[in-house]
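Undergrad: Below: sequence and its predicted model.
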Amino acid sequence: MSVLPAMVKTTAARLSAVYLLLFSVCAIFLVIYVTSLSTRMLEAQTREAILEEISGLGRAYQRGGLPGLVRVMEIRARQPGANLYLITDPNGLVLSGNVESLQPGVLDESGWTERPFVYRRFGENQNQARADGHTAVAQVIRLPNQMILLVGRDLGEPEQFRRLMRRALVAALGLMGLGAIVIWYFVGRRALKRIDSVSEASSQIMAGDLDRRLPVSSAGDEFDRLSDNLNAMLDRIAALNEGLKQVSANIAHDLKTPLTRLRNRAEAALNGDADPAASREALEQTIAESDQLIRTFNAILMISRLETGYSAESTARVNLAAIVADVVELYEPVAEEIGVMLSAQADIAVHIDGNRELIGQALSNVVDNAIKYSAGSSERPAATVSLVKEADAARLVVCDNGPGIPEDEHNRVTERFVRLETSRSRPGSGLGLSLAKAVMIFHGGRLELAGKEGGGLEVAMIFPTGKNG
Amino acid sequence: MKILIIEDDQEAASFLKKAFDEAGHAADVAVDGEAGFAMADGGSYDVYIIDRMLPRRDGLSIIADLRADGDTTPALILSALGEVDDRVTGLRAGGDDYLTKPYAFSELLARVEVLNRRVGSRDVETSYRAGDLELDRLSHTVRRAGQEILLQPREFRLLEYLMRHAGQVVTRTMLLEHVWDYHFDPQTNVIDVHISRLRGKIEKGFDKPLLHTIRGAGYMLRAD
């Protein structure tokens, strides 16, 4: 049975042991407390009974003198559960009573005394009484005629009570120990079972069954919460993994196409008749195509680097308005050439901590898209770059009146290599917006896409400015 | 022009040497940092091309030591790194230009030729002349055959750069770097359109073209 050693090592076992110890200490303390309290109460009752007895004997003495007293004492001493009685003359000579022997000096002092006495109990033979002796509490008083009277009561009752309590305590402790073991066994086994099912599920996931999830019972306990969280984590990892797969597939696809073209062109040039002009043309196209591939790889590398985060060393105080002016000035002739009206609305200087090169490149990519997609698709193609300063952010917004992007595709187009079907035919690497997004992440900002009324797309680059931006 | 190439990739180094030789320059090759530093220290080169990551001694420390020794020979750093601030650290170490691998040889050639020219006196001239085209840097005026041509500020800077390097090939990225002060790769033909606008202003109405397109490389202002 390999379950048992495993169960000894469980948290349930440790908890059971700790609880058992704690409860035992509590129980022992409680029993001792109750016992001492009850004993004291019993003793007080005993003494009260003795006093009452003495006053009864007193009355007998008054009525019948010493002989009357002795008679009453003898009658009482023969009853079951009788008290201890002794009457002596002033020299300690026993006149009457059921006490067989006394420890020396008991009768010298009057008042309460508590010690072992040997006395005849009702229905008890002499030898037995002599052998044991019984602890009793007694009151010694001197009578007016110098006689000494001792009246006592056996303490066997409180003794018995104590014994009873001890037995009860042992029984309770035994029961508690048994209970702890039972609880530990069932709780521990249940916990082990749950954990084993989680372990089993996770090893299956590790073995490649990535769609499997950890079992969640309907109990809603801590195991379920743990499983729920782990399942959520697995879902997130699966989503990221899916994204990575998608990106790899996109990279493979987008690089395979130009590489195939490259290869075919080289092959055609090799096989074709030796026309130097045609060969030269093919070589030039090959170089141009390679350059495009290198550009694509550079962009991929740059995005990865940017996504690793911000470094203060590569940033400085930059004026976004100046960057807008630069980029618009750079793109204005291109826009005009293809009939797009490019304008800027960035009159106020907005300073942020950033990298001028990166922001310039990101804005160029967005403006490049805006010009490309608004061209020829509406009556008066136009693209506007505006800079708006908000409380703790600067918004760099590029609007166009092109066909726009369906709302459900807004998130997708900023992913690497994603190009919508409608734009597959146009030139571009599919990395422009991804790079812009990475630049925004680098700056602790974000890239937001929104549709515009009446068509067109609005791309907002939102930079955090802090308080004194 | 005498060029020292310090590059540990032997194949790349011999390709560069051959290509520079064909372009009419003389190139020497060192394959590690220590050898490169020794050759630079003892030779009289016009331009250094130094790979950033070299065995035995890294490129940036070679440049820093050469500069400390008073050697002002222009140095171009080649790097496989393309981190955001690599370029800045490269230039801060004393490099004069920075090119990220992979690059087109035409780009490297154009940059090296421009670097070499920088040791000449043309930098400090207050006016440039190419054929009948004149540019006055002080009064910000451009004339062709005595006739004033009005240019936008950016067009003026573009022409100024082209005239400063008249007779040399300048690439599109060089123009973006020096005229616009941005160092990224312009995706579309933005620079071409700026050039064609400038060309329209300085050539329209004149029969001799000045601004030539060099296929596969860039542009050249030449008045022959």
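TA: Yep, it's here.
Undergrad: Excluding covalently adjacent residues, which one is nearest to the residue nearest the centre of chain B?
TA: Central residue of chain B (Cα atoms, centre = their mean): B:Arg111, 2.7 Å from the mean position. Distances taken as Cβ to Cβ, 6 or more residues apart in numbering or on different chains put B:Asp97 closest to B:Arg111, at 5.3 Å, once the chain neighbours are dropped. C-beta: built from backbone N, CA, C; applies to glycine.
Undergrad: and the one you found, what is it in contact with?
TA: B:74-77, B:111, B:115 (Cβ atoms under 8 Å, 6 or more residues apart in numbering or on different chains).
Undergrad: and which of the residues you listed is nearest B:Leu4?
TA: B:Ala75 (9.2 Å; Cβ to Cβ).
Undergrad: Bridged to that closest one, which residues?
TA: On the basis of DSSP bridges, B:Ala75 takes part in beta bridges with B:Tyr48.
Undergrad: wait, doesn't it sit right on B:Leu66?
TA: Yes - using Cβ atoms under 8 Å, B:Ala75 is in contact with B:Leu66, at 7.4 Å.
Undergrad: tell me, what's touching these two both at once?
TA: By Cβ under 8 Å, 6+ apart, the residues touching both B:Ala75 and B:Leu66 are B:48, B:94.
Undergrad: Comparing these two, which residue is more hemmed in?
TA: Neighbours were counted for B:Ala75 and for B:Leu66 using other Cβ atoms under 10 Å in any protein chain shown; B:Ala75 has more, 27 against 20.
Undergrad: From B:Ile49, how far off is the more buried one?
TA: Per Cβ to Cβ, to the nearest Å, B:Ala75 is found 8 Å from B:Ile49.
Undergrad: do you know how far A:Ser202 is from A:Gly188?
TA: Taking Cβ to Cβ, one finds A:Ser202 at 21 Å from A:Gly188.
Undergrad: oh sorry, the question was meant for B:Gly59
TA: Counting by Cβ to Cβ, the gap from B:Gly59 to A:Gly188 is 65 Å.
Undergrad: And for A:Arg236?
TA: From A:Arg236 to A:Gly188 the distance is 32 Å (Cβ to Cβ).
Undergrad: Then A:Gly354?
TA: On the measure of Cβ to Cβ, A:Gly354 and A:Gly188 end up 58 Å apart.
Undergrad: Now for the closest residue to chain B within the stretch 101-250 of chain A, how many residues are close by?
TA: Nearest residue of the stretch 101-250 of chain A to chain B, counting by Cβ to the nearest Cβ: A:Asn250, 18.7 Å away. Neighbour count of A:Asn250, defined by other Cβ under 10 Å: 16.
Undergrad: cool, B:Asp69 as well?
TA: So B:Asp69, with other Cβ under 10 Å, has 10 neighbours.
Undergrad: same deal with A:Asn264?
TA: So A:Asn264, with other Cβ under 10 Å, has 10 neighbours.
Undergrad: quick one: it is in a strand?
TA: No - under DSSP: H, G, I helix; E, B strand; the rest coil, A:Asn264 sits outside any strand and is assigned helix.
Undergrad: so who does A:Gln361 touch?
TA: Counted by Cβ under 8 Å, 6+ apart, A:Gln361 has contacts A:435, A:439, B:182, B:184.
Undergrad: switch to 7 Å and redo it
TA: A:439, B:184 (Cβ atoms under 7 Å, 6 or more residues apart in numbering or on different chains).
Undergrad: same check, this time on A:Asp224
TA: Contacts here follow Cβ under 7 Å, 6+ apart; on that basis A:Asp224 touches A:216-217.
Undergrad: Nearest to chain B: which residue in the stretch 151-300 of chain A?
TA: Taking Cβ to the nearest Cβ, the stretch 151-300 of chain A has A:Ile294 as its residue nearest chain B, at 5.4 Å.
Undergrad: swap in the stretch 351-469 of chain A?
TA: A:Gln361 (4.1 Å).
Undergrad: In terms of helices and strands, where is that residue?
TA: According to DSSP states H and E, A:Gln361 maps onto helix A:356-374.
Undergrad: average pLDDT across that helix?
TA: Mean pLDDT, computed over helix A:356-374, is 89.
Undergrad: Which SSE is immediately downstream of the helix or strand where A:Arg14 lies?
TA: Using DSSP H and E, A:Arg14 sits in helix A:11-77. Using DSSP H and E, the helix or strand that follows helix A:11-77 in sequence is strand A:84-88.
Undergrad: For stretch A:285-297, report the contacting residues that lie outside it.
TA: A:255, A:258, A:261-262, A:265-266, A:429, A:431, B:102, B:104, B:185, B:216.
Undergrad: repeat that with 8 Å
TA: A:254-255, A:258-259, A:261-262, A:265-266, A:269, A:429, A:431, B:102, B:104, B:185, B:216.
Undergrad: how about low-confidence regions in chain B?
TA: B:81-84, B:117-124, B:187-188 (pLDDT under 70).
Undergrad: same deal with the stretch 1-150 of chain A?
TA: A:1-10, A:12, A:120-133.
Undergrad: can you rerun that using 50?
TA: A:1 (pLDDT under 50).
Undergrad: ok, now the stretch 301-450 of chain A?
TA: Using pLDDT under 50, the stretch 301-450 of chain A drops low at A:424-425.
Undergrad: Output the set of residues of it in proximity to chain B.
TA: Proximity of the stretch 301-450 of chain A to chain B (Cβ under 8 Å from any Cβ of the partner chain) is limited to residues A:301-302, A:305-306, A:311, A:313-314, A:326, A:329-331, A:333-334, A:337, A:355-358, A:360-361, A:364-365, A:368, A:372, A:428, A:432, A:442.
Undergrad: Which among the residues you listed count as buried?
TA: A:302, A:305-306, A:314, A:326, A:329-331, A:333-334, A:355-358, A:360-361, A:364-365, A:368, A:372, A:428, A:432, A:442 (16 or more other Cβ atoms under 10 Å in any protein chain shown).
Undergrad: And the strands in chain B, which stretches?
TA: B:2-6, B:26-30, B:47-51, B:75-79, B:97-100, B:127-130, B:133-136, B:141-144, B:147-149, B:170-171, B:211-214, B:218-221 (DSSP state E).
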